[in-house]
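Enquirer: Have a look at this fold, sequence not included:
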């Protein structure tokens, strides 16, 4: 079994550890945040962590009503811009906590009046030392180059921060997520058999919207780095504004379609793609009706859309890991990549 697959299977326990260890921290931060009256949240990250940040943007704006910005690190590292970040909360997200540019942004943000938080898997990292506060992902050592358990751990921390900063996230629902992931892992045999069909897939589109949009980025990244597939990711709304023109017979499109506010739009897109004779793969709920879909991966249980992000990325992780194996590739040794990438 690859390290990537081992870490996919470690996720339920890693999520339980992270929630149990950081729940009290989130409750304490909730009291602190009430006294600070943050008016802006800025998220800064790279790579997989940047996909987690994209999820955080949707989650935090929906659940807190506070505007959220995704930081462009080069504004700080290359252009030396000075921003007024008083009354801002700046959150750095990094698996290793060693990203030079992310840490530079946090350092600058403190000087410019922001309160800073580090979200990292490494308690002794530079990021954890320089931030005002640190929320730790308790995923254990990441050995796989392709991040899986640290990504879902980061999402769990973002849920806890959303709880601390707003009033719409329930701790009880977060506590159930690890068990839901355990149930999703039972789909592995079905997914392993399904990917045989896509052995020769060289390109695809991954489409989602809303709280699932970040998972489209994350799934496409996993397909690119482990299977060397050109995987373009789109919002389903943006997809209709141009990219749908590239669809022809048998073109593969993976759609994330959890029940909720985005489902009707995804269903309409699936019907249109069926008319175009595209190959569609939907990651959806166990009881969803999707006329015209080519293949479906059905996540068990009823999950409120706002809590669906973690359970719904796991089928994509399994899909990428097994597809790499079918293609004769080693997901633990993706060419030209390493676990920690330094940029400035």
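Expert: Here it is on my side, so go on. Computed from a predicted structure; not experimentally measured.
Enquirer: Every contact and neighbour count from this point should use C-alpha atoms.
Expert: Fine.
Enquirer: and the helix or strand residue 323 falls within, what does it pack onto?
Expert: Per DSSP states H and E, residue 323 falls inside helix 309-326. With contacts taken as 3 or more CA pairs under 8 Å, 6 or more residues apart in numbering; DSSP states H and E, helix 309-326 sits against helix 3-9, helix 149-165, helix 177-184, helix 188-194, helix 213-227, strand 279-285, strand 295-299.
Enquirer: quick one: contacts of the fifth one?
Expert: What that stands for is helix 213-227. 48, 51-52, 54-55, 146, 205-208, 229-235, 256, 309, 312-313, 316-317, 320-321, 323-324, 327, 329-332, 334 (CA atoms under 8 Å, 6 or more residues apart in numbering).
Enquirer: and the helix holding residue 323, how far out from the chain's middle?
Expert: Relative to its chain's centre, helix 309-326 lies at 13 Å (CA atoms, centre = their mean, to the nearest Å).
Enquirer: Quick one: mean pLDDT over it.
Expert: Across helix 309-326, the average pLDDT comes to 98.
Enquirer: Also stretch 88-103?
Expert: Mean pLDDT, computed over stretch 88-103, is 94.
Enquirer: From here on, call the first residue 484.
Expert: Happy to do that; since the first residue is 484 now, the last one works out to stretch 571-586.
Enquirer: mind checking how far it is from the chain centre?
Expert: 16 Å.
Enquirer: so what's the residue of the chain positioned farthest from its centre up against?
Expert: Here the centre of the chain is the reference, and by CA atoms, centre = their mean the most remote residue is residue 758, at 30.5 Å. If a contact means CA under 8 Å, 6+ apart, then residue 758 has no contacts.
Enquirer: now it: how far from residue 662?
Expert: According to CA to CA, to the nearest Å, residue 758 and residue 662 sit 38 Å apart.
Enquirer: ok so, going back, quick check: PyMOL command selecting the buried ones in the contacts of helix 696-710.
Expert: To isolate the buried ones among the contacts of helix 696-710 in PyMOL, judged by 16 or more other CA atoms under 10 Å, type:
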select buried, resi 531+534+535+537+538+629+688+689+690+691+712+713+714+715+716+717+718+739+792+795+796+799+800+803+804+806+807+810+812+813+814+815+817
